[in-house]
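In: Generate coordinates for the sequence data below:
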Amino acid sequence: MDRRVILAVVLMMAIAMLPAVLSKRTPLSNRPISTAPPAPVTATPPPALTPAPSLDTTVTEVPERVVKVTGPLYTYGVSTRGARLVEATLSQYKSMAKGEGDVPVNLVAAHSDLLGLALLSGGDTVSFRDWDFTPSSESLDVRSGEAVLTLQAARGELGITVTYRFTPDNYLVGVTGQVTGLGPNGGTLLIGLGPTVRNTESDSVLHQRELAIVTKGLKESEKHTLGGLSRAAPTDLAGPFEWVAVKSKYFVAALFAVDSTVSGSAGRLTALRAMPTDTRKRPAEADIRASLPLPAAGQFHYSLYAGPLEYHRLRAMGHDFYDVNPYGWPGFRTIIRPVAVAGRWLLVKMHSLGIAYGVGLILFGIMVRLALWPLNQKAMRSSMAMQAVQPLMKDLQERYKNDPQKLQQEMFKLYKEHNVNPFGGCWPMLIPMPILLALFFVFQNTIELRGAPFLWITDLSMRDPLFIIPILMGLSMYLVSKIGQLGMESTPQMKTMLYMMPVMMTVLFFNFPAGLNLYYAVQNVASIPQQWIIAKERQKSAVLRTVSSKR
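Out: Presented below is the predicted three-dimensional model:
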C-alpha cells in the first residue's frame, strides 16, 4: 500500500509540475473582434488598420519630448508623440538582465505602443501614434501628492485630449479624455498594450516563456502565452472584459475599464486583438490592442496598472486582479491558492521581522513537519499494525483463495478485531502535497522572493546554480527511506523503491527553484527523528512477535 501511494504521489507531482516547465501552449483560435457596445456583444470583424487619412497636409512635425512623472515608487515617461507611455521605471526593483548593471527595472520595451491610441470610425482607422501633443507640463513631481498631466492635439476637424492622473502611493494611472469631431455614430478607441514587457531577468528564456496576455471577463481569467499566438492571422478575443493585461514573470501592464452602472461590473473593453510582430519560433512581441467603444460625444476613461505583481496590490485592485498572476492551474486553484497565499504571507511576515527568506524557509519546513507530526505518527503506527497482521492476512488469502466474497468478509473482520485501518497509512501522506504544490507556485510567481539570496545561491526563485540543494534533497530522501525500512522484512520491491525514488525526485527537482528544494530537504531532515522513533517501535514489536511465536 505505502509503495503504491508513494509512487502515486510522485506521478501526481510530475503531472502537476512538469507542464509549467516543459509545456508549450497551442495557438489560440481566431475569433472575430467585436466593436459593438458591451451588451449585447456582436462579432463583426473590424476593417484592417490603414494609414491615417490626410487630414492636414500642412502639419509640421515638432521634436518629440518626454514628460517625466516622478513619484516615490516610479518614474513614468509620457511622450508628446502620440501621448503614449514610453517609460515605466520602478525605483524599488533592480533589473537583473545581463549587461544592465544595478539599474531600476523599466517595463517599457523599445518601440512601445503602451497606451498608444487609434480611432476606428466608419471605414477608416486614424492612428494618433504620430500626432504631436501639447502637454500641460514639461515634468511632474508626484512625491508630495496627486498630479495631473493633460495632452492635446488636433488635425483638421478631429481633435483629442488625454488626461493622466498620478498618485504617489500606487502604480495605478487614471486616464480620461475626449475625441472631438466624431460623427453621430461615435466610434471605437483602440488602446495599445504592446509589444511586450521588457526583459528584466537574468534568465531571458524563462522571461520569454512567462510572457502572456491575461483577460478577465465576467467569469474567471484566461491566460494566453505570447509564444502560443498564431502567426497565420490575428488572434481576436471577444469581451466584454473588466481588464486585460500583458505580463511577464514578475511585472504587468493592465488596462481596467469597468462599467459601474451595469450589474455585475460588466467590462467596457469589448475585444482584444494580438498579432505577433517578431520572427522567433515562440513570439515574444506582438501588436496588442484593446477596443473601447466611444459615444458620439467622444468621452473615454480607463485606468492603467504598470508595476510589480505584488499580491496585496493586485488583490486591492478588486475584480479578481490577483488572478493575473495565478497560483495553480484551472481546476487546482481552489485547493492550491489558499495554501499558497498563506505560505507567501508567512514567509513575507518572517522577512519583515528580519529573518532572511532562506532561514524563513527552513523554519517554515520545520513548523509544517511539527504540525503534521500527529497525523504522520498515526499513519506510521497504522502501517505497523498492518505489518503485524500480515501473517494472518496471508493465511486468510490461502484459505479462501477460491472464494473472493468470503475472503473480503474475513479480511474486514480481521481489521475490526485488531483495530486496523488499511487506509490509515495512506491518506496522511497526501496532506503535504498541496503545501508542496503551493510552494512551487509561490517560488514561481512571488515577486518578494525575486533575487532573495541564501548562502551561495543568489536567487531562491531560480534553480541552484551548483545543484547542491537538489542533491542534498535526494540524499535526505534516501536517508528517510532507509530509516523508515528498519525493522521491516526487506523485499526486492522495497530495495528498488529505496534507490529509485530519491533518484527520480532529484531528477524531477533538478531545475526547480532552489527554495522549493531547500524546503523539501528540510522537510525530510525534520522527519528523521519521527522515523527513528517509529523504527525503534517496529523493531521492538518484531522482537516481541518472534518471542511470542516461539512460545
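In: Report the secondary structure state of the nearest residue to T176 once chain neighbours are set aside.
Out: Among residues not flanking T176 along the chain, H301 sits closest, at 4.4 Å (Cβ to Cβ, 6 or more residues apart in numbering). Yep, even glycine has a C-beta here, placed from its N, CA and C like the rest. Secondary structure assignment for H301 (DSSP: H, G, I helix; E, B strand; the rest coil): strand.
In: quick one: the strands in the stretch 201-350 of the chain?
Out: Under the criterion DSSP state E, counting those that start in this stretch, the stretch 201-350 of the chain contains strands at 212-216, 221-225, 235-241, 243-247, 251-256, 269-276, 286-294, 299-308.
In: List the contacts of the residue nearest to T176.
Out: Contact analysis of H301 by Cβ atoms under 8 Å, 6 or more residues apart in numbering lists G174, V175, T176, G177, A257.
In: circling back to that earlier point, export the strands of the stretch 201-350 of the chain as JSON lines, with columns for mean pLDDT.
Out: Formatted as JSON lines, these follow (pLDDT from 0 to 100):
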{"stretch": "strand 212-216", "mean pLDDT": "92"}
{"stretch": "strand 221-225", "mean pLDDT": "86"}
{"stretch": "strand 235-241", "mean pLDDT": "88"}
{"stretch": "strand 243-247", "mean pLDDT": "94"}
{"stretch": "strand 251-256", "mean pLDDT": "94"}
{"stretch": "strand 269-276", "mean pLDDT": "91"}
{"stretch": "strand 286-294", "mean pLDDT": "93"}
{"stretch": "strand 299-308", "mean pLDDT": "94"}
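In: Distance check, the closest residue to D323 other than its chain neighbours against L237.
Out: Distances taken as Cβ to Cβ, 6+ apart put S221 closest to D323, at 4.1 Å, once the chain neighbours are dropped. Computed as Cβ to Cβ, to the nearest Å, the S221 to L237 distance reads 12 Å.
In: Now the common contact residues for the two.
Out: T215.
In: I'd guessed the residue nearest to D323 sits against Y322; true?
Out: No - using Cβ atoms under 8 Å, S221 is not in contact with Y322; the gap is 9.4 Å.
In: looking at this, T188 is in a helix?
Out: No - applying three-state DSSP, one finds T188 to be strand, outside a helix.
In: sec struct for the residue nearest to it when sequence neighbours are not counted, please.
Out: In space, and not counting its chain neighbours, T188 is closest to L120: 4.2 Å by Cβ to Cβ, 6+ apart. What three-state DSSP gives for L120 is strand.
In: The longest helix along the chain: how far from the chain's middle?
Out: Secondary structure of the chain per DSSP state H: the longest helix is helix 514-550. For helix 514-550, the separation from the chain centroid amounts to 37 Å (computed by Cα atoms, centre = their mean, to the nearest Å).
In: pLDDT of that helix, averaged?
Out: Average pLDDT, helix 514-550: 77.
In: how about that helix: buried residues?
Out: Neighbour counts using 16 or more other Cβ atoms under 10 Å place 514-527, 530-531, 534-535, 538, 542 of helix 514-550 among the buried residues.
In: do stretch 447-459 as well
Out: I447, E448, L449, R450, G451, A452, F454, I457, D459.
In: Low-confidence bits of the stretch 301-450 of the chain, can you list those?
Out: 328-331, 384-390, 418-432 (pLDDT under 70).
In: Mind doing that once more with 80?
Out: Filtered on pLDDT under 80, the stretch 301-450 of the chain yields the residue ranges 326-336, 375-404, 406-437, 439-440, 443-445.
In: can you map out the helices along it?
Out: Using DSSP state H, counting those that start in this stretch, the helices of the stretch 301-450 of the chain run over residues 311-316, 333-352, 357-371, 373-388, 390-399, 404-417, 427-430, 432-445.
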